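[1] 3D, please:
(one chain, ligands or ions: 1)
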Amino acid sequence: MRYALGIDLGGTNLKGGLVDETGRVLFKASRPTPVEQRAPEPVVETLISFADELRERARALGLEPEGVGFGPPNFVEGKDWIQRQVNNLPALNDYALRPPLAAALGEHIAIDNDVMNAGLAEYHFGEGHNYDRVLFMAIGTGIASSIFTEGGQRLRYIFGWPGDTGHIIVEPRGRLCTCGGRGCLETVAAGPAIRAAAMRIATTNKSPALAARLTGQNTLEARDVTEAALAGDRAAGEIWDEVGWYVGVALTSYLHIYDPHVILIGGGVAEAGELLLEPIRRTIQSLGSPYYLQHLRGVKKAALGPEAGLIGAAALILLPESLR
Ligand SMILES: [Zn+2]
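    Sure thing, here's the model as predicted:
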């Protein structure tokens, strides 16, 4: 059996673990992401000491990881891994991350964007392993996708991504987006948009459940909308119907472009489960071309949950180069 370490650089926590070649996580650990740092060196030192700690823990079990894979939530450019558009670790913006990591950890290191890693894990070890063409969409603070064609080939168009799939227009007369465009999917279906919708409805008299939660905790999250909807709050259920509608509109366009056999929804917002998936399916069925619909065998929740990112980061070491 072969092993590797995977480290996912989240906005709040670094999540790391030892993963075997079947995608199983043998152990995991986390530590706070050093978001306050202004200079890159302390961030790099944190990554190195976290990797060293994980490696020592593996060796204590008698297991030797072959290398370390990393998954930052930003673009990575060139052989020196220059970090671009880094939002949660601004100290790393435009920084060449590979040389100092290679000097400390050796040459068996790898990197890819966090959503690409999560998609890689789902494709090989999760819900995607029975399908050739897979579209994995992660919905969290932002929305992004990883798209696979036959034989595990991944679509890479700009910055190693399949494009900015969270910024397809679904509401042309809608709100301005953080990207500067108008009516993007993120403006109506990402975590902040769901939170804003919940806050709006909580201050009307339409949702007793959300109003009570807002009074109790001063803020609302997607999780509150899920719990309120499951408890029978109609207005909370309607928030998920609308989010599912918009995600379904976007995914129907992607269905027509990429012809996936399965669509997997991951990221924190996917924890809403059927509340989100059911309106997505209904929308795709109502808008889609029968030609493409006949190839689509399901719209499912991704299987690996919040561990997908670190499993995929380790998979960058464990999978053959042709599949990464
Ligand atoms: Zn946008």
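[2] any idea whether the nearest residue to P279 once chain neighbours are set aside is helix, strand or coil?
    Spatial nearest neighbour of P279, excluding adjacent residues (Cβ to Cβ, 6 or more residues apart in numbering): G244 at 2.7 Å. Backbone N, C-alpha and C define where each C-beta goes, glycine included. With DSSP: H, G, I helix; E, B strand; the rest coil as the basis, G244 sits in helix.
[3] Look at G244 and report its pLDDT.
    pLDDT recorded at G244 is 98.
[4] That one touches T283, doesn't it?
    Yes - under the contact definition of Cβ atoms under 8 Å, G244 touches T283, with a separation of 6.6 Å.
[5] quick one on the thing from earlier: return the residues in contact with the residue nearest to P279.
    G244 makes contact with L275, L276, L277, E278, P279, I280, R282, T283, according to Cβ atoms under 8 Å, 6 or more residues apart in numbering.
[6] mind checking how far it is from G237?
    Using Cβ to Cβ, to the nearest Å, G244 is found at 10 Å from G237.
[7] Please identify the buried residues of stretch 37-54?
    For stretch 37-54, a neighbour-count test (16 or more other Cβ atoms under 10 Å) marks Q37, P40, V43, V44, T46, L47, I48, F50, A51, L54 as buried.
[8] May I ask you to confirm that the fourth one is in contact with R98?
    No - proximity of V44 to R98 does not meet the contact threshold set by Cβ under 8 Å, at 10.5 Å.
[9] per-residue confidence for the residue nearest to N93 when sequence neighbours are not counted?
    The shortest distance from N93 to any non-neighbouring residue, by Cβ to Cβ, 6+ apart, is to V86 (4.5 Å). Turning to V86, the model gives it a pLDDT of 85.
[10] so V86 makes contact with L97?
    No - taking contacts as Cβ under 8 Å, V86 lies outside contact range of L97: 10.0 Å.
[11] residues shared between the contacts of the two?
    Contact criterion Cβ under 8 Å, 6+ apart; residues shared by V86 and L97: P72.
[12] T178: how many residues sit nearby?
    14 (other Cβ atoms under 10 Å).
[13] Give the closest residue to it in space, chain neighbours not counted.
    Nearest non-adjacent residue to T178, counting by Cβ to Cβ, 6+ apart: E186, 7.1 Å away.
[14] Could you check how many residues crowd around the one you found?
    Counted by other Cβ under 10 Å, the residues lying close to E186 total 28.
[15] ditto for A250
    So A250, with other Cβ under 10 Å, has 26 neighbours.
[16] any idea of the pLDDT on it?
    The model reports A250 with a pLDDT of 98.
[17] quick one: it from A58, how far?
    Distance, A250 to A58, by Cβ to Cβ: 40 Å.
[18] try C177
    According to Cβ to Cβ, C177 stands 42 Å off from A58.
[19] Tell me the residues on the stretch 101-250 of the chain that lie near the ion, please.
    H167, C177, C179, G181, C184 (Cβ under 5 Å from the ion).
[20] Let's have those residues in a markdown table, adding distance to V269 and neighbour count.
    Below are these laid out as a markdown table (distance: Cβ to Cβ, whole Å; neighbours: other Cβ atoms under 10 Å):
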| residue | distance to V269 | neighbour count |
| --- | --- | --- |
| H167 | 16 | 21 |
| C177 | 17 | 19 |
| C179 | 18 | 13 |
| G181 | 20 | 15 |
| C184 | 15 | 27 |
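[21] from those, which is closest to Y292?
    Using Cβ to Cβ, H167 comes nearest to Y292 of these, at 22.0 Å.
[22] And the pLDDT at the residue nearest to G248 when sequence neighbours are not counted?
    Leaving aside its sequence neighbours, G248 sits nearest to T283 (Cβ to Cβ, 6+ apart; 2.6 Å). In this model, T283 is scored at 98, pLDDT.
[23] next one: the one 3 residues further on
    You'll see S286 listed with a pLDDT of 98.
[24] what about it, how many residues close to it?
    Using other Cβ under 10 Å, S286 has 10 neighbouring residues.
[25] That one is in what secondary structure piece?
    Assessed by DSSP states H and E, S286 sits inside helix 274-287.
[26] Residues in contact with that helix: which ones?
    Residues outside helix 274-287 that contact it (Cβ under 8 Å, 6+ apart): 226, 229-230, 237, 240-245, 247-249, 251-252, 255, 263, 265, 269-270, 293, 296, 299-301.
[27] Next step: those residues restricted to helices.
    226, 229-230, 237, 240-245, 247-249, 251-252, 255, 293 (DSSP state H).
[28] Just the buried ones from those residues?
    The neighbour-count test (16+ other Cβ under 10 Å) marks 226, 229, 237, 240, 242-245, 247-249, 251-252, 255 as buried among the ones in helices among the contacts of helix 274-287.
[29] which residues touch T226?
    Applying Cβ under 8 Å, 6+ apart to T226 gives the contacts A236, W240, E271, A272, G273, L275.
[30] Let me see the ranges of the helices in this protein.
    Using DSSP H, helices in the chain cover 40-60, 98-105, 114-125, 186-189, 191-202, 208-217, 222-230, 234-258, 274-287, 290-293, 308-318.
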